[in-house]
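K.L.:
With the sequence up front, the predicted model follows.
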Amino acid sequence: STARRNKYLMGETVRAAGIRAVQQQRATEWSQIEAFLADWNPNPFVAIVKPIQSAGSDDVFKCENTEQVKAAFDKINGSISAIGLVNEGVLVQEFLSGTEYVVDSVSRDGVHKVTAIWEYDKRMANGQFNTYFGMRLMQVSGPIAEALVEYSNSVLDALEIVNGPGHMEVMMVADGPFLVEVGSRCHGGEGSWCPIANECIGYTQIGVS
């Protein structure tokens, strides 16, 4: 499914299923973004600009005015992404202020099982607003974890991820969870998280898959 790779279609598929999703605009021309920003009129002005298909924090910009959005658009549009694709357009999204989590899961015949929840530690460093400093394995219990599991399962259903692993990034804001993105794959990070998962819970998403 294209919606599992294209971040714009991913968000719109989730929205169409009645699940909370960020405000966003896909654009190949600057005039489209200008119109979106004028209609949206964010206050305070904070927007995320990023490729429609890429990985990690590749060319992800936090913009605080129209000029910064234009500079990000010009840099991304038509360039080559970290995964070797031509960026045919740019994605502009509302900025989500909260705590970012990873929900790792494995599905079989449409039944989803969460294998781990991780809390990201991202901070400003070297001019990048979302530099990875680490992540912490969470207990899969309590109101935050329960909300993340419920939301994750709904997103997996909406994207028709029926079998196999899912690696979902979710931002928990003041009034609940919002999808950042999901990959129908195992957690990456070169497997650095595997020893932690094995020691703490006795298995990993890879083994369960």
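P.N.:
Alright, I've got the coordinates.
K.L.:
which other helices and strands contact the longest helix along the chain?
P.N.:
Ranked by residue count under DSSP state H, the longest helix found in the chain is helix 143-158. Under the contact criterion of 3 or more Cβ pairs under 8 Å, 6 or more residues apart in numbering; DSSP states H and E, helix 143-158 touches helix 7-16, strand 99-108, strand 111-125, strand 164-173, strand 176-183. Where you see a C-beta, it was placed from the backbone N, CA and C, and this is true even at glycine.
K.L.:
Turn those into a markdown table, including mean pLDDT and distance to residue 192.
P.N.:
As requested, these are exported to a markdown table (pLDDT from 0 to 100; distance: least, Cβ to Cβ, whole Å):
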| stretch | mean pLDDT | distance to residue 192 |
| --- | --- | --- |
| helix 7-16 | 95 | 25 |
| strand 99-108 | 97 | 13 |
| strand 111-125 | 94 | 12 |
| strand 164-173 | 96 | 14 |
| strand 176-183 | 95 | 17 |
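K.L.:
So which of the ones you listed is nearest residue 86?
P.N.:
helix 7-16 (15.4 Å; Cβ to Cβ).
K.L.:
which parts of the closest one are buried?
P.N.:
Buried residues in helix 7-16, defined by neighbour count with 16 or more other Cβ atoms under 10 Å: 7, 8, 9, 10, 11, 13, 14, 15.
K.L.:
Surely the first one and residue 180 touch.
P.N.:
In other words, residue 7. No - using Cβ atoms under 8 Å as the test, residue 7 is too far from residue 180 to be in contact (9.1 Å).
K.L.:
Give the residues shared as contacts by these two.
P.N.:
Residues touching both residue 7 and residue 180 (Cβ atoms under 8 Å, 6 or more residues apart in numbering): none.
K.L.:
out of the helices and strands packed on helix 143-158, nearest to residue 65?
P.N.:
Of all the helices and strands packed on helix 143-158, strand 111-125 sits nearest to residue 65, with 17.7 Å by Cβ to Cβ.
K.L.:
pull the helix or strand with minimum mean pLDDT from the chain.
P.N.:
Within the chain, no helix or strand scores below strand 128-138, which has a mean of 88 by mean pLDDT, DSSP states H and E.
K.L.:
tell me the angle that one makes with strand 99-108.
P.N.:
60 degrees (axes from the mean of the first three to the mean of the last three Cα atoms, to 10 degrees).
K.L.:
so what does strand 128-138 touch, helix or strand wise?
P.N.:
strand 111-125, helix 194-201.
K.L.:
Compute the distance from the centre of the shortest one to the centre of its chain.
P.N.:
So that's helix 194-201. Distance of helix 194-201 from the chain centroid (Cα atoms, centre = their mean, to the nearest Å) equals 24 Å.
K.L.:
May I see the buried residues of that helix?
P.N.:
So helix 194-201, judged by 16+ other Cβ under 10 Å, has buried residues 194, 197.
K.L.:
Now do that helix: which elements does it pack against?
P.N.:
In this structure, helix 194-201 makes packing contacts with strand 111-125, strand 128-138, judged by 3+ Cβ pairs under 8 Å, 6+ apart.
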